[in-house]
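[1] here is the input, now give the coordinates:
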Amino acid sequence: MEDDIPELHDHHDDITYDTQDTSDEISEISHVQHENEMKKNKKEEQQEVAKKDGSKKNLKSNAGNGSSRRNNDTQQKKNLWGVIVLLAIVIGILASMLISKDAETTNDSSAAASNANPNVEPTPSPSSRAPTTLRGHVEYILEDYAPLDEPTMTWLLETSTWTPDAGDPNSDYLWMERYAMGLLYLSTNGPSWAKKDNWMSDYPVCMWFSLEPNDCPGPMTNLVLYLNKMEGTLPSVLFGLSNLKKIHLARNQLTGSSIPLSVGNLKSLTFMDLASTGLTGTIPETVRNMTQLESLYLSGNELTGPINDSISDMTNLTVLSVWGNALNGTIPDFGKMVHLRDLSLSENELSGSIPSSIGLLTDLSRLSLHTNHLSGTIPRSIGNMNNLQWLSLYENNQLEGSFPELPSTVRRCFLGSCFSDITNAMASRCIFFDNCV
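    As a prediction, this is how the structure comes out:
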């Protein structure tokens, strides 16, 4: 038993040794783990510090980038404006070069044409011609009378130096008036006129010759050139001059002329005499618009067609003289024209009866109906015309029946011989012509 004890000690020593070793190993492992833990904590602290430093750097970097972008935007805008200014300068230089080149080309062409034919006047340079915009404006004013006469337009815009006064409210009308008068001169052989002082000059139209002068400045109101050796055709634009108050062109050779529809624009006209001028065509219905007209002389022409009823709207008319034409149809109702003093319809081709409304014309002093194709009886209302002095009913009229009593004011009476009872006519000392057919 005692022999076995040493072996137990030896085994205890081994166990003690093993336990010590294990404790040392555990202590070493704990030490290593502690060191690793310390290192890990230190590393995490370093990473945390690094993150904070990185955030600050990022903030500074972003702030710097924003400032840089603003600077870049400002610089880009400056560069863009610089490019725009440069382009404008280049375009201006190119336009100037093109204009200069066109002017040189025009001048060279004019010079070449002049050298090729010394009898032809050179084309005026652009600076001496009226601007295209002015021509366009004048053409717009005259658009109702297109096509326009080119020689008249050339004189108006290139030869003449006249222009309306700045700010003149009548400037458009004055352009139209000047064109109309220039065309009248050129269309009726102006150089051969008996009187033509100042016509086609640079003076205002109101200073051009008229037998009845006009007030200046301002539009022409009197166009009085009767017996002035005019030969040609009246331009229609003449009848569009609404400021005219008097047109007297009688006894000129205006063969082929007619009264245009535009005559209705003469709303200020009080007197028109175109007698013995060779007018053809008809009397347009637009004459009814000439409500201020007091005297209308169209006698001794070649007018045809009827006398329209619309003429009765000219209630201010005192003289209607259309004798010596080829007017046909019946006599209109003149009952509303109570201011008439002279009604001359003789030497036409009128037919039908004399309307009884003729007796309403109590201011009438002259009634001339001879040399027509009238028929029927003379209305008794003629006895109411207390101012009648002249009555002419003879030749080619088939008037018949009992002749009515005439006003005591009648001084001249000319009748045919077809009446069944002429007692009243004899009392008025009427003269009879044997033309009963």
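
[2] C-alpha from now on. contacts and neighbour counts both.
    OK.

[3] doesn't residue 283 make contact with residue 259?
    Yes. In this structure, residue 259 is within contact of residue 283 by C-alpha atoms under 8 Å, at 6.7 Å.

[4] overlap in contacts of these two?
    Counting by C-alpha atoms under 8 Å, 6 or more residues apart in numbering, no residue touches both residue 259 and residue 283.

[5] pLDDT below threshold where in the chain?
    Residues of the chain meeting the criterion pLDDT under 70: 1-78, 96, 98-132, 435-437.

[6] helices of that one, start to end?
    For the chain, the helices defined by DSSP state H cover 5-116, 132-141, 150-154, 171-187, 423-427.

[7] pretty sure residue 172 contacts residue 141?
    Yes. Taking C-alpha under 8 Å as the definition, residue 172 is a contact partner of residue 141 at 6.7 Å.

[8] how far off centre is stretch 147-161?
    Computed by C-alpha atoms, centre = their mean, to the nearest Å, the chain-centroid distance of stretch 147-161 equals 18 Å.

[9] got the end-to-end distance for stretch 190-204?
    Between the opening and closing residues of stretch 190-204 lies a distance of 17 Å (C-alpha to C-alpha, to the nearest Å).

[10] so for it, what gets flagged as buried?
    190, 193, 195, 196, 199, 200, 204 (16 or more other C-alpha atoms under 10 Å).

[11] which among the residues you listed gets closest to residue 347?
    residue 193 (31.0 Å; C-alpha to C-alpha).

[12] now that closest one, nearest residue through space, not along the chain?
    residue 229 (5.2 Å; C-alpha to C-alpha, 6 or more residues apart in numbering).

[13] list the contacts of that neighbour.
    Taking C-alpha under 8 Å, 6+ apart as the test, what residue 229 contacts is 192, 193, 194, 252, 253.

[14] in strands, which of those residues appear?
    Within the contacts of residue 229, no residue falls in strands by DSSP state E.

[15] what's the farthest-apart pair in the buried residues of stretch 190-204?
    193 and 204 (19.5 Å).

[16] coming back round to it: can you lay out the buried residues of stretch 190-204 as TSV showing distance to residue 389?
    Listed next are the buried residues of stretch 190-204 as TSV, based on distance: C-alpha to C-alpha, whole Å:
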residue	distance to residue 389
190	42
193	39
195	38
196	40
199	43
200	46
204	46
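
[17] show me which of the residues you listed is closest to residue 399.
    residue 193 (46.3 Å).

[18] wait, the closest one touches residue 225, no?
    No. Contact between residue 193 and residue 225 fails when scored by C-alpha under 8 Å: they sit 9.3 Å apart.

[19] can I get stretch 316-329 as PDB, trimmed to CA atoms?
    In PDB, the C-alpha atoms belonging to stretch 316-329 read as follows (Å, rounded to 0.1, in the frame of the first residue of the first chain):
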ATOM      1  CA  ASN A 316     -82.300 120.200-103.800                       C
ATOM      2  CA  LEU A 317     -82.200 120.300-107.600                       C
ATOM      3  CA  THR A 318     -83.400 123.600-109.200                       C
ATOM      4  CA  VAL A 319     -82.200 122.900-112.800                       C
ATOM      5  CA  LEU A 320     -82.400 119.600-114.700                       C
ATOM      6  CA  SER A 321     -81.400 120.100-118.300                       C
ATOM      7  CA  VAL A 322     -81.000 116.900-120.300                       C
ATOM      8  CA  TRP A 323     -82.400 118.100-123.700                       C
ATOM      9  CA  GLY A 324     -80.800 117.000-126.900                       C
ATOM     10  CA  ASN A 325     -79.900 113.400-126.100                       C
ATOM     11  CA  ALA A 326     -81.400 110.000-126.900                       C
ATOM     12  CA  LEU A 327     -83.100 109.300-123.600                       C
ATOM     13  CA  ASN A 328     -86.100 107.000-123.700                       C
ATOM     14  CA  GLY A 329     -88.800 105.600-121.500                       C
END
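
[20] no more questions from me, cheers.
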